[in-house]
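> attaching a predicted model along with its sequence, questions to come.
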Amino acid sequence: MKTLLAGKKILFGICGSIAAYKAAEWVRELVKAEAEVSVVMTEAATHFVSGLTFASLSGRRVYTGMFEKDAGEEMTHITLARECDLFVIAPATAQTIAKLAHGFADDLLSVLVLAGNTKVLVFPAMNSNMYCHKATQANLFKLQEYGYTVIEPEQGKLACGDDGVGRLVDWKTAREKIVSVFTRQDLQGQTVLISAGPTWESYDPARLLSNRSSGKMGYALARVAKRRGARVILVSGPSAIDPPPGVEMINVMTGIEMHDAILAKYESADIVVMAAAVSDYRPGKKMKQKVKKSGTSIELELIPNPDILKILGYKKKKAIRPLLVGFAAESKGHVEEGRRKLKEKNLDLIVINDIIGTDTGFGADTNEVSLIDRNYQLEKLPLRSKEECAEMIWDKIVNLNR
Ligand code: PMT
């Protein structure tokens, strides 16, 4: 399957900031994703990183001036501006932001912005006093009025030694912003509540009952929903994965905590997707001290956890909202079990995955799922990365949500 950025023509403007070196990684990642990247550098940017670095990474000529000798008859600024699908400016300095806000056209980068009519993403990076200064803020406001998207920089330690807002966002955040330009915004206005990962049910201070869920499937669903314009609330059991940019995270440990978190947010959601592997049972007693080895067998009483999805299905009864999506982790009788759970939990859709294969289900980077909708229509999806799988699941949900 082609990546979302394959063949996209991206004009990448780089300004004179120490963060210019980070743009090298962004260009490399974009090229890896099969985007066609043309780099434009301001004169100041070339003092921080050489044009040769970007020419090598992009595999294309790097543009630095309006009057370059080999430009020939071609009107570089018009051609570059006309041909691109997206203009990314990163890092965007206070100087360039000010120029763009006031319509200056005294270098190639600012000329290209004025001459083009594509989407512009501006990623500011600078000292926090410069960023917070009323002049910069007023200029950024203007850029947004012109229809450019400004991505707020991060808080943290800055190159100048100060702590504050002004750090260029990381690649993961940038990637989501770039990819969302090319993504249908068909979840705009929807609040989606997603659960992911396992639960940990403690037995004593050292031991617990859990399962092999990594959170990959649920996090991919959250990332894709955010990209498609939703407000995303992600309730996650313990997972080693970084939270997807822009989602509201609620971290929980046990099935009871997950139950409480989901029920607290349920009423604000238009769509609920339960991808978490909630432990069906928990130890009846939690020991305060570590249980000592005695050499003889011991008994462990397990009591049932609440079935969160079943509770939601019951609460919903015949109402239309929220749309309820469950997952089924099965090792045999997949379709029959899926159908049974769909009915029993009053769902709109169930996503069935096989947990026996090595490239599906728990922990895998890929998944191969079947969908059964509320009309008992069965659809088998191909083996894909969990992110692509999430895309296809959201396609189905969007259809059911119409
Ligand atoms: O996290 P990964 O490593 O990427 O793996 C993904 C996954 C295999 C965990 C995921 O794709 C998946 O199948 N999740 C559901 C696992 C599961 O608990 O299946 P189940 O058949 O036991 O439960 C059916 C549904 O009821 C699920 O939506 C589950 O979230 C929900 N449930 C289950 C038990 C419970 N006490 N409360 C619930 O709400």
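Here it is on my side, so go on. Predicted, not measured: the structure shown is a model, and the values here were computed from it.

> just the pLDDT at L342, thanks.
The confidence metric pLDDT takes the value 97 at L342.

> residue contacts, it?
Applying C-beta atoms under 8 Å, 6 or more residues apart in numbering to L342 gives the contacts G326, L349, I350, I372, R374, Y376. Heads up, the C-betas are built off the backbone N, CA and C, glycines and all.

> closest to T296 among those residues?
Checking these against T296 with C-beta to C-beta, the nearest one is G326 at 41.1 Å.

> near that closest one, how many other residues are there?
25 (other C-beta atoms under 10 Å).

> okay, buried residues for the helix or strand hosting it please.
Using DSSP states H and E, G326 sits in strand 323-330. Residues L323, L324, V325, G326, F327, A328, A329, E330 are the ones in strand 323-330 that count as buried (16 or more other C-beta atoms under 10 Å).

> also stretch 259-266?
H259, D260, A261, I262, K265, Y266.

> isn't the third one right up against V235?
Put plainly, it is A261. Yes - using C-beta atoms under 8 Å, A261 is in contact with V235, at 4.6 Å.

> double-check that S294 belongs to a strand.
No - when DSSP: H, G, I helix; E, B strand; the rest coil is applied, S294 is found to be coil, with no strand at that position.

> that one: how many residues sit nearby?
Residues lying near S294 (other C-beta under 10 Å) number 7.

> same list, the buried residues of stretch 259-266, but as CSV with secondary structure and pLDDT please.
Below are those laid out as CSV (DSSP: H, G, I helix; E, B strand; the rest coil; pLDDT from 0 to 100):
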residue, secondary structure, pLDDT
H259, helix, 98
D260, helix, 98
A261, helix, 98
I262, helix, 98
K265, helix, 98
Y266, helix, 95
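
> so which of the residues you listed comes closest to Q137?
Using C-beta to C-beta, the buried residues of stretch 259-266 come closest to Q137 at K265, 33.0 Å.

> how far away is the closest one from V351?
K265 sits at a distance of 21 Å from V351 (criterion: C-beta to C-beta, to the nearest Å).

> just to revisit the earlier point, give me the sheet partners of the strand holding G326 and which way each runs.
Looking at strand 323-330 with DSSP bridges, its partner strands are strand 271-274 (parallel), strand 349-354 (parallel).

> what strands flank the following helix or strand past the last one, and is each parallel or antiparallel?
Along the chain past strand 349-354, the next helix or strand (assigned with DSSP H and E) turns out to be strand 366-367. For strand 366-367, sheet partners with direction are given as strand 384-385 (antiparallel), following DSSP bridges.

> near the ligand at all, the strand it pairs with?
No - residues of strand 384-385 are not located near the ligand by C-beta under 6 Å from any ligand atom, the shortest gap being 11.2 Å.

> gap between that strand and the chain center?
The chain centroid and the centroid of strand 384-385 are separated by 16 Å, computed with C-alpha atoms, centre = their mean, to the nearest Å.

> tell me the mean pLDDT over that strand?
Computed over strand 384-385, the average pLDDT equals 95.

> quick one: the strands in the stretch 51-200 of the chain?
Here the stretch 51-200 of the chain has its strands, by DSSP state E, counting those that start in this stretch, at 62-63, 86-92, 119-124, 149-150, 154-157, 163-167, 191-196.

> who does the longest one touch, helix- and strand-wise?
Going back to what we said before, that points to strand 86-92. strand 9-14, helix 20-32, helix 108-115, strand 119-124, helix 171-181 (3 or more C-beta pairs under 8 Å, 6 or more residues apart in numbering; DSSP states H and E).

> burial measure for Y376, as a count.
9.

> now for it: which residues touch it?
Counted by C-beta under 8 Å, 6+ apart, Y376 has contacts R339, L342.

> what of the one 10 residues further on?
If you count contacts by C-beta under 8 Å, 6+ apart, K386 has them with K216, M217, A220, A364, D365, T366, N367.

> from the residues you listed, list the buried ones, please.
The neighbour-count criterion (16+ other C-beta under 10 Å) marks K216, M217, A220, A364, T366, N367 among those as buried.

> identify the farthest-apart pair in the residues you listed.
Spatial extent of the buried ones among the contacts of K386 (C-beta to C-beta) is set by the pair A220 and A364 at 11.6 Å.

> contact residues of the stretch 201-350 of the chain facing the ligand?
So far as C-beta under 6 Å from any ligand atom goes, the stretch 201-350 of the chain lies against the ligand at 213-218, 255, 274-278, 280, 305, 307-309, 326-329, 341.
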